[in-house]
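Undergrad: Next input, structure requested:
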Amino acid sequence: MGAANEQIRVSDTVKREIERRRREGESYNDVLERLFGTDRDRDRDLLAGAGFWSSETAEQARENREASEEKSIERMQRRSQDE
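TA: Predicted structure coming up:
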């Protein structure tokens, strides 16, 4: 990594999020490069496709997740009663 030649302003919230994701020995720039990718892996956009579900698909996914959570809770309750 070269010397910093640009400065950007970020909110306190964004700075805290970068710090949360920062690994030992990483600079802020390192974190951002890791999260956004570098020239060699531009094709790997982590946000590509985000938010492209239809309303119906998103609602079905929510319903499936909620049903799964309910089943999990019921299973745990049964197991605790069996003990």
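Undergrad: Tell me the buried residues in stretch 15-33?
TA: Within stretch 15-33, the residues scored as buried using 16 or more other Cβ atoms under 10 Å are 18, 31. (Each C-beta comes from the backbone N, C-alpha and C, glycine too.)
Undergrad: which regions of the chain lie under the pLDDT threshold?
TA: The chain contains residues with pLDDT under 70 at 1-4, 38-51.
Undergrad: any chance you could map the strands in it?
TA: Using DSSP state E, no strands are found in the chain.
Undergrad: Per the annotation, how does it divide into domains?
TA: Residue ranges for each domain of the chain read 1-41, 54-83, as given by automatic domain parsing.
Undergrad: Relative to the whole chain's centre, how far out is the longest one?
TA: Centroid displacement of domain 1-41 relative to its chain, using Cα atoms, centre = their mean, to the nearest Å, is 15 Å.
Undergrad: for the shortest one, same thing?
TA: Put simply, domain 54-83 sits 22 Å off its chain's centre (Cα atoms, centre = their mean).
Undergrad: Could you pull out the helices in the protein for me?
TA: 12-21, 28-36, 55-82 (DSSP state H).
Undergrad: any idea which of the ones you listed is most buried?
TA: Mean neighbour counts were taken over these using mean count of other Cβ atoms under 10 Å, and the top value, a mean of 14, falls to helix 28-36.
Undergrad: CA atoms only for it - export them in CSV, please.
TA: These are the backbone C-alpha positions of helix 28-36, laid out as CSV (Å, rounded to 0.1, in the frame of the first residue of the first chain):
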residue,chain,number,x,y,z
TYR,A,28,-8.6,1.8,7.4
ASN,A,29,-7.6,1.6,3.7
ASP,A,30,-6.9,-2.2,4.1
VAL,A,31,-10.4,-2.7,5.5
LEU,A,32,-12.0,-0.8,2.7
GLU,A,33,-10.0,-2.6,0.0
ARG,A,34,-10.9,-5.9,1.5
LEU,A,35,-14.6,-5.0,1.7
PHE,A,36,-14.8,-3.4,-1.8
